[in-house]
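A.B. asks: model this:
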Amino acid sequence: MPSPKLSAHCLAEVKEASSAGAGAAFAQFVGAVLVARKPVVRAAGEPLESGVWKTGIFFEIQGELEGDIAILLTPPTRGAVTAVLEGMLQGPPSADACESIVLELGNIVASRIVSAIADRMKGRLVLSIPHMVTDGVERELAWRTRDITGSPLTARRSRFETEFVDRSGRLRALVVLVPDLPDAHFEEAFDTVES
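C.D. replies: As a prediction, this is how the structure comes out:
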């Protein structure tokens, strides 16, 4: 598990970004208010809740902080996004249009969170082009957080999650942040920022 300082910074940024705009973006795209639950820290290799997350929008983060961020959706949540689009178009959207709007949702949510982290670090962070997965979300997350160097530092890697849920509990989305930097390097990036 990461140091308390690393956990505090990552959780603070995910929480701040969630309240600052990620929740609003979800509401705009799914047509319902999704409330952020308390962020949690998990080991990077810990399995996701089995069979729940069927769509994942994945990004690499580059710059002062490197790693991955993913926006995961349940089938009802993705269906709600499609329904909002259908209402806007006043007819059934094409498969390409459905994919585009889901990617746009992921892009907006990820950008708001990464921007909040960059502002706090007083550094520059860049998101990759999004990659959407609709089959094997768990495998994709495991592959992206795997140990490719054999370094023992990887055992300390963690993922920082915030789940968004509507009042009924039917619509759910999960934001997952997995920084690559070892604790000490991540902490150094924040050393000039007052807590």
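
A.B. asks: out of everything not next to it in sequence, what's closest to the residue most central in space within the chain?
C.D. replies: For the chain, the residue sitting closest to the mean C-alpha position, by CA atoms, centre = their mean, is residue 175 at 3.0 Å. Of all residues not flanking residue 175 in the chain, residue 162 sits nearest, at 4.8 Å (CB to CB, 6 or more residues apart in numbering). C-beta here means a position set from N, CA and C on the backbone, and glycine is covered the same way.

A.B. asks: next: residue 60.
C.D. replies: Per CB to CB, 6+ apart, closest to residue 60 is residue 128, 4.0 Å.

A.B. asks: from residue 73, how far off is that neighbour?
C.D. replies: 19 Å (CB to CB, to the nearest Å).

A.B. asks: higher neighbour count, these two?
C.D. replies: residue 73 (29 against 13; other CB atoms under 10 Å).

A.B. asks: now do that one, the pLDDT please.
C.D. replies: Note for residue 73: predicted pLDDT of 96.

A.B. asks: tell me what it is bridged to.
C.D. replies: Beta bridges link residue 73 to residue 55, residue 173, judged by DSSP bridges.

A.B. asks: picking up where we left off before, distance check, the residue nearest to residue 175 against residue 101.
C.D. replies: Residue 162 is 22 Å from residue 101, by CB to CB.

A.B. asks: have a look at these two and say which one is more surrounded.
C.D. replies: residue 162 (23 against 18).

A.B. asks: pretty sure the more buried one contacts residue 34?
C.D. replies: No: under the criterion of CB atoms under 8 Å, residue 162 is not in contact with residue 34, lying 10.6 Å apart.

A.B. asks: still on that earlier bit, quick check: the gap between the residue nearest to residue 60 and residue 24.
C.D. replies: 24 Å.

A.B. asks: same check, this time on residue 126
C.D. replies: Taken as CB to CB, the span from residue 126 to residue 24 is 23 Å.

A.B. asks: looking at these two, which is more packed in?
C.D. replies: Using other CB under 10 Å as the criterion, residue 126 and residue 24 rank with residue 24 on top: 16 against 13.

A.B. asks: wait, a strand at that one?
C.D. replies: No: assignment of residue 24 by DSSP: H, G, I helix; E, B strand; the rest coil gives helix, placing it outside any strand.

A.B. asks: what packs against the helix or strand hosting the residue nearest to the centre of the chain?
C.D. replies: Per DSSP states H and E, residue 175 falls inside strand 172-179. The contact analysis (3 or more CB pairs under 8 Å, 6 or more residues apart in numbering; DSSP states H and E) places strand 172-179 against helix 4-17, strand 67-73, helix 75-89, helix 95-121, strand 158-165.
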